[in-house]
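Undergrad: Next one to model:
(2 chains)
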There are 2 protein chains.
Amino acid sequence: MLVVQKYGGTSVGDVERIKNVARRSLQARQQGHDVVVVVSAMSGETNRLLGLTKQVHPAPTEREQDVVVATGEQVSVGLVALAIQAAGGKARSLLGHQVKILTDSSFSRARIKSIDADRIFAALKAGEIAVVAGFQGQDEHGNVTTLGRGGSDTTAVALAAALKAQACEIYTDVDGVYTTDPNVCPAARKLERVSYEEMLELASSGAKVLQIRSVEFAMKYRVPTWVKSSFSDDPGTLVCEEDRAMEDIVVSGIAYDRNEAKIALRRVPDVPGVAAKIFTPLAEAGIVVDMIVQNVSQEGHTDLTFTVGRTDLAKATAVVKEAVKPLGVRKVDTDDKVAKVSVVGVGMRNHSGVAAKMFQVLSAEGINVLMISTSEIKISCVIQEKYVELAVRALHTAFGLDVPATQAAEA
Amino acid sequence: MLVVQKYGGTSVGDVERIKNVARRSLQARQQGHDVVVVVSAMSGETNRLLGLTKQVHPAPTEREQDVVVATGEQVSVGLVALAIQAAGGKARSLLGHQVKILTDSSFSRARIKSIDADRIFAALKAGEIAVVAGFQGQDEHGNVTTLGRGGSDTTAVALAAALKAQACEIYTDVDGVYTTDPNVCPAARKLERVSYEEMLELASSGAKVLQIRSVEFAMKYRVPTWVKSSFSDDPGTLVCEEDRAMEDIVVSGIAYDRNEAKIALRRVPDVPGVAAKIFTPLAEAGIVVDMIVQNVSQEGHTDLTFTVGRTDLAKATAVVKEAVKPLGVRKVDTDDKVAKVSVVGVGMRNHSGVAAKMFQVLSAEGINVLMISTSEIKISCVIQEKYVELAVRALHTAFGLDVPATQAAEA
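TA: Model prediction:
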């Protein structure tokens, strides 16, 4: 069996933890598996390096920033390979340009185009554990590129797909995917399995355990992906294809996202092309718009409300004010004290009434729903941020996700 | 004009110094030159990274150590390129594998085989300052290699040769090559010019201002090389081809080396092949032997004395004891309290009596000469270490190298 193991920044955070990674990967090797290890930079290192670039340049160019930041993973692969060797194993480090992981030239957020698996297979054939630098690649001109935050997850899943690995194991500091954030809801329960689609919706809705693009890769190439803790022997959560048993569960998880801000435009002329006049400049400014709600037109005018990431609010407001000037819009209201709560589950496809139940639960707690958006397997509501913990706990209970009493007693 | 500037670890030691490097290189660019900058790791960084590798592996394998250590220069090139951009210039960082600098596969002490100058010329043609990582290269299998301590000097001179640069400027924390170490001899004088051959002998004899291999490269490809301070505007010292004026100066400099240890074998059978029996195993153990002295044979036996680097003494003694067992050698004496003092000058070729004068000067100070070795332009004596400063100062005065009284008053 060929297995790709990915260890995040906290899992290689110091020398002792690096030795732990060596032990774990050697264990899999000794069980007879071919093992590819993908590692992130030691925790804190990426921020330290970004800080250095900011000290020499107020707005660092992304090509050079990538050159500096990519060293974090390079140090990690060398150290992990050495730790495996020190533990009596055979190992070889491989960098993005050595593998090679070809990306586009979007520095700091590059996308993987292809992976040349030959050098990895050569290492495996020699009985070595291949230790591959996460997060980094090389574009067609030979420039160093990085994949953006959480990019090592994507490296791992993309490698698993390219190598046709039987499994991809993502080791992190939590022991799996939970029904919701245990910090907010003590009754949260670890999921044994979750479908790619659900994981994607959970990740898009604020659950931070896996990077969204890595889930997209896993789904596209059908890579069975385990989320596990590098500090325990818990089997973790398997992210995999949907099956019949999953469909019986209406809601699998509750996610929330505080990184939300609302922009409301009052009395926008309701004529064709007006939405494009507002959202095109936002897109050009690189601002991602999440939900968009437009009211029914009254007297030729309508209200238009949408959400953006909270850190983008100031920039977005400026762009919007400029864009609506010629439209005679009277008012641009903003609110950065909102949050999004989502219920996710593939079972929704076959069960009706989930949305109604969600609204009832929120209403019973006195929580006003400001905006709503739905997908086939998700319902999201924007609410005032101060209610977010309350909403998560109430929904978790209402949709039957709480740990059963007996299980809670054991834990 | 095309100029290669190399900045050492102290010259890029912190953010302010990196900005200073940016200013200096931009100055040369604004004077109309094509500029290639070679940088080392920030001071202390290489040792920090080596320390990390030692924490995970007691004897780190050199391939992986090179992967880790090469990140030091990678961070530096990114930061220097950003600093040049922040100062309004155009710059592009280039790593060993991007340039590309092809080396053999001797990890941690690789030798440059070839340099592909195309990417550098492309950057220069685009009006950019090319910022190249020193110390690192890539072997034919795509592995990361490093050139060993001081390797960035070699990168700079090799690049200057490959690019047919008009000059190579080595920026360091001293403002040139001195007649001897000013810390030992306050009367030391900065040389305006020194020949490649002299520089090579000075470097081999303990002067640390330039790495030996970089001088070999400069000599082989006749690269005019300046040694300058990055903290002053002093013109520095030019290392160049010997000319008539140089030949008139009998002695140009006095060097010393404390990294010496002496091994003496008493009553070695004086038969053919015996030296090979001793020095072959030393070479196989990677121990460099410096001087070798053999006495006239008496009663079929001789005494054999040689020097090794002080850090190699324990290892060398063990190898020698094993080697001389079958020869019936009675005694292996070692002494790690010795040092080497050398006088260097191309003028020696045409002037006799330099050695005699050296012995007289040392004798007049009551310093016993333990071993002697000579080359065409150098005489070296091994003496007791405690006399080394006294010997340097006495020789400096005797060979007329002291700062003239008027010059000393100005300084």
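Undergrad: Would you confirm that residue A:358 belongs to a helix?
TA: Yes. The assignment for residue A:358 is a helix, going by DSSP: H, G, I helix; E, B strand; the rest coil.
Undergrad: per-residue pLDDT, it?
TA: The model reports residue A:358 with a pLDDT of 94.
Undergrad: ok, it to chain B distance?
TA: In this structure, residue A:358 lies at 48 Å from chain B, with Cβ to the nearest Cβ, to the nearest Å as the measure. Heads up, the C-betas are built off the backbone N, CA and C, glycines and all.
Undergrad: Next up, the contacts around that residue.
TA: With contact set as Cβ atoms under 8 Å, 6 or more residues apart in numbering or on different chains, residue A:358 has these partners: A:343, A:379, A:381, A:395.
Undergrad: and which of those residues is nearest to chain B?
TA: Of all the contacts of residue A:358, residue A:381 has the smallest distance to chain B: 43.5 Å, by Cβ to the nearest Cβ.
Undergrad: The closest one: what's its closest spatial neighbour, skipping adjacent residues?
TA: Using Cβ to Cβ, 6 or more residues apart in numbering or on different chains and skipping the chain neighbours, the partner closest in space to residue A:381 is residue A:369 (4.8 Å).
Undergrad: Residue of the stretch 201-350 of chain A nearest chain B, please.
TA: Ranked by Cβ to the nearest Cβ, the top residue of the stretch 201-350 of chain A for proximity to chain B is residue A:230, at 16.1 Å.
Undergrad: And that residue, what's its pLDDT?
TA: The predicted local confidence for residue A:230 comes out at a pLDDT of 89.
Undergrad: who's in contact with it?
TA: Contacts for residue A:230 were tallied using Cβ under 8 Å, 6+ apart; they are A:7, A:8, A:11, A:17, A:20, A:21, A:24, A:171, A:172, A:173.
Undergrad: next one: residue A:340
TA: Applying Cβ under 8 Å, 6+ apart, the residues contacting residue A:340 are A:205, A:206, A:256, A:257, A:260, A:290, A:291, A:307, A:380, A:381, A:382, A:383.
Undergrad: quick one: buried residues of the helix or strand harbouring residue A:362?
TA: For residue A:362, the enclosing helix or strand under DSSP states H and E is helix A:354-364. Of the residues in helix A:354-364, those scored as buried under the neighbour-count criterion (16 or more other Cβ atoms under 10 Å in any protein chain shown) are A:354, A:357, A:358, A:361, A:362.
Undergrad: From what I see, the fourth one and residue A:395 are in contact.
TA: Yes. Counting by Cβ atoms under 8 Å, a contact exists between residue A:361 and residue A:395, whose distance comes to 5.7 Å.
Undergrad: Let me see the domain layout of chain A.
TA: Following automatic domain parsing, one finds the domains of chain A at A:2-173, A:254-398.
Undergrad: does residue A:333 sit in a helix, a strand or a coil?
TA: For residue A:333, the reduced secondary structure class is strand; criterion used: three-state DSSP.
Undergrad: ok, the residue lying closest to it once chain neighbours are set aside - contacts?
TA: Spatial nearest neighbour of residue A:333, chain neighbours left out: residue A:264 (4.3 Å); criterion: Cβ to Cβ, 6+ apart. With Cβ under 8 Å, 6+ apart as the criterion, the residues that contact residue A:264 are A:303, A:304, A:305, A:331, A:332, A:333, A:334, A:335.
Undergrad: filter those to the buried ones?
TA: Members of the contacts of residue A:264 that pass the buried threshold by neighbour count (16+ other Cβ under 10 Å) are listed as A:303, A:304, A:305, A:335.
Undergrad: Using a markdown table, lay out these together with secondary structure.
TA: Formatted as a markdown table, the entries for the buried ones among the contacts of residue A:264 read as follows, by three-state DSSP:
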| residue | secondary structure |
| --- | --- |
| A:303 | strand |
| A:304 | strand |
| A:305 | strand |
| A:335 | strand |
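Undergrad: Next secondary structure element downstream of the top strand by length along chain A?
TA: The single longest strand within chain A, with elements called by DSSP state E, is strand A:253-269. Stepping forward along the backbone from strand A:253-269, the first helix or strand reached (DSSP H and E) is helix A:274-284.
Undergrad: Return the distance of that following helix from the chain's centre.
TA: What separates the centre of helix A:274-284 from the centre of its chain is 26 Å, taken as Cα atoms, centre = their mean, to the nearest Å.
Undergrad: Tell me if residue A:114 really is in a helix.
TA: No. Counting by three-state DSSP, one finds residue A:114 to be strand, located in no helix.
Undergrad: How many residues are close by the spatially closest residue to it that is not a sequence neighbour?
TA: Sequence neighbours aside, residue A:102 is the residue nearest to residue A:114 in space, at 4.8 Å (criterion: Cβ to Cβ, 6+ apart). Using other Cβ atoms under 10 Å in any protein chain shown as the criterion, residue A:102 is surrounded by 18 other residues.
Undergrad: Where does residue A:102 fall, secondary structure wise?
TA: Assigned by DSSP H and E, residue A:102 falls within strand A:101-103.
Undergrad: chain center to that strand, what's the gap?
TA: Using Cα atoms, centre = their mean, the mean C-alpha position of strand A:101-103 is found 20 Å from that of the whole chain.
Undergrad: contact partners of that strand?
TA: Strand A:101-103 is contacted from outside by A:110-116, A:136-140, A:145, A:147, A:155, A:158, using Cβ under 8 Å, 6+ apart.
Undergrad: Find the pair from those residues with maximum spatial separation.
TA: Farthest pair in these (Cβ to Cβ) is A:140 and A:155. Separation: 18.2 Å.
Undergrad: Chain A against chain B: which residues are in contact?
TA: Along chain A, the residues adjacent to chain B under the rule Cβ under 8 Å from any Cβ of the partner chain are A:15, A:18-19, A:22, A:49, A:52-53, A:55-58, A:60-61, A:63-65, A:67-68, A:70-71, A:74-75, A:77-79, A:81-83, A:85-86, A:91-93, A:95, A:97-98, A:119, A:142-144.
Undergrad: quick one on the thing from earlier: need the winner for burial among the domains of chain A.
TA: Across the domains of chain A, averaging neighbours per residue (mean count of other Cβ atoms under 10 Å in any protein chain shown) puts domain A:2-173 on top, at a mean of 22.
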